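Colleague: below are the sequence and a predicted model for it; my questions follow.
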Amino acid sequence: MSDIFQEVEEDVRRERYEQLWKKYGNYILAAAGILVLGVAGYQAWQNYDLSQRQKVSDQFRAATQVAQSGNAPKAETDFSALAKDAPSGYATLAKFHLSAAYLAQGKRDPAIALLRELMASSDDLIANTARLRLAWIMADASPKADIVMLLQPMTAADSPWRFAAAEVIAYVDLKDGARTQAIDEYQKLAQDAQAPTSLRQRAGGIAEYLKANPDVAINTAAGAPPALPSAPPAALPSREPAAPASPAPQAGAPATAPGTKAQ
């Protein structure tokens with residue numbers, strides 16, 4: 001008797017499945033087809049996106065090589081195109097390079113305008129890098145009060161950018177003839193254990209040179225702004241401003257060589 005009931009139950013179940021398939025089979029097949037097409041489409045999009053990013057990476061690398069060769073007009077053209085059409089990370093980095101290309105051609109106003117645009121970024125790394133870079137550009141020709149106001153957001157006691165900002169102020173004091181004050185500021189930076197090692201060494205070297213050569217005037221002629229990184233946005237470091245890949249904090253200071261400002 002149990003076998004008979006089991007057979008009846010299986011027949012009933014089979015009949016229900018057949019009815020369900022007749023009613024919903026087309027929908028099931030359509031859903032399966034959509035799923036397959038969706039997976040294939042996603043994979044195709046990934047491949048396309050990867051190829052586009054590789055293309056932009058190659059364009060960025062080529063533009064950087066043009067800039068390094070000294071062809072500023074061509075670099076301006078290349079970085080302008082990247083700033084307009086590249087993904088956001090590459091576009092942002094291209095704008096920093098574009099500002100350098102402007103400056104290399106004496107186009108100070110568009111360079112400053114571009115850096116002020118970058119200063120408005122919601123990303124602190126981008127905004128403060130642009131702010132510091134602009135401060136170095138303005139350091140030779142602007143009053144100290146303007147430089148202090150520009151750097152004010154970076155000078156908080158807990159800001160990792162405070163050391164780089166202090167270095168700019170020390171240079172401005174030196175440029176303005178406040179030599180003793182500048183030496184004190186450089187020495188303070190050199191002795192601050194929380195400051196980046198490279199900045200401490202640079203500040204210490206400048207302080208020692210100034211003390212050892214009290215009668216030597218410092219050449220404050222405006223020079224080119226600090227060099228920019230050639231690494232893609234993905235290679236950007238953490239928000240520590242003295243990291244090697246950061247566009248401005250490492251390099252935009254007076255060099256340890258006598259009578260020069262960093263180029």
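Modeller: That came through, no problem.
Colleague: every contact and neighbour count from this point should use C-alpha atoms.
Modeller: Noted.
Colleague: what about Gln191, neighbour count?
Modeller: As a burial measure, Gln191 scores 13 neighbours (other C-alpha atoms under 10 Å).
Colleague: can you give me the helices in the protein?
Modeller: Per DSSP state H, the chain has helices spanning 2-68, 72-85, 88-104, 108-119, 124-138, 144-151, 162-175, 179-191, 197-212. These are given in chain order.
Colleague: turn those into a markdown table, including mean pLDDT.
Modeller: Shown next, in a markdown table, are those (pLDDT from 0 to 100):
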| stretch | mean pLDDT |
| --- | --- |
| helix 2-68 | 74 |
| helix 72-85 | 94 |
| helix 88-104 | 94 |
| helix 108-119 | 95 |
| helix 124-138 | 95 |
| helix 144-151 | 96 |
| helix 162-175 | 95 |
| helix 179-191 | 96 |
| helix 197-212 | 94 |
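Colleague: relative to Ala100, how far out is Gln68?
Modeller: 11 Å (C-alpha to C-alpha, to the nearest Å).
Colleague: what do you get for Leu151?
Modeller: Counting by C-alpha to C-alpha - Leu151 and Ala100 are separated by 20 Å.
Colleague: of the two, who's got more company?
Modeller: More crowded of Leu151 and Ala100, by other C-alpha under 10 Å: Ala100, with 26 against 23.
Colleague: make sure the more buried one is actually in contact with Ala111.
Modeller: Yes: here Ala100 reaches Ala111: they are 7.1 Å apart, a contact under C-alpha atoms under 8 Å.
Colleague: burial of Arg108, as a residue count?
Modeller: Other residues close to Arg108 by other C-alpha under 10 Å number 15.
Colleague: so who does it touch?
Modeller: By C-alpha atoms under 8 Å, 6 or more residues apart in numbering, Arg108 lies in contact with Tyr102.
Colleague: ok, 10 Å please
Modeller: 99-100, 102, 137-138 (C-alpha atoms under 10 Å, 6 or more residues apart in numbering).
Colleague: next: Ala127.
Modeller: Ala127 touches 115-121, 133, counting by C-alpha under 10 Å, 6+ apart.
Colleague: ok now do the closest residue to it other than its chain neighbours, which residues does it touch?
Modeller: Using C-alpha to C-alpha, 6 or more residues apart in numbering and skipping the chain neighbours, the partner closest in space to Ala127 is Met119 (4.0 Å). In this structure, Met119 makes contact with 113, 125-134, judged by C-alpha under 10 Å, 6+ apart.
Colleague: Arg108 versus Met119, what's the distance?
Modeller: From Met119 to Arg108 the distance is 16 Å (C-alpha to C-alpha).
Colleague: neighbours around Leu35, how many?
Modeller: 12.
Colleague: cool, and the one 4 residues further on?
Modeller: Here the count is done by other C-alpha under 10 Å, and Val39 has 11 residues near it.
Colleague: roughly how far does it sit from Leu50?
Modeller: 17 Å.
Colleague: nearest spatial neighbour of Ala75, skipping sequence neighbours?
Modeller: Here the residue nearest Ala75, using C-alpha to C-alpha, 6+ apart, is Ala67, at 5.1 Å.
Colleague: I meant to write Ala83 there.
Modeller: Ala91 is the one closest to Ala83 (C-alpha to C-alpha, 6+ apart), at 4.1 Å.
Colleague: over to Asp215: give its phi and psi.
Modeller: phi -100, psi 0 (degrees, to the nearest 10).
Colleague: who's in contact with Leu35?
Modeller: 29, 41.
Colleague: can you tell me how far it is from Gly41?
Modeller: Distance from Leu35 to Gly41, by C-alpha to C-alpha: 10 Å.
Colleague: with Ser69 instead?
Modeller: On the measure of C-alpha to C-alpha, Ser69 and Gly41 end up 42 Å apart.
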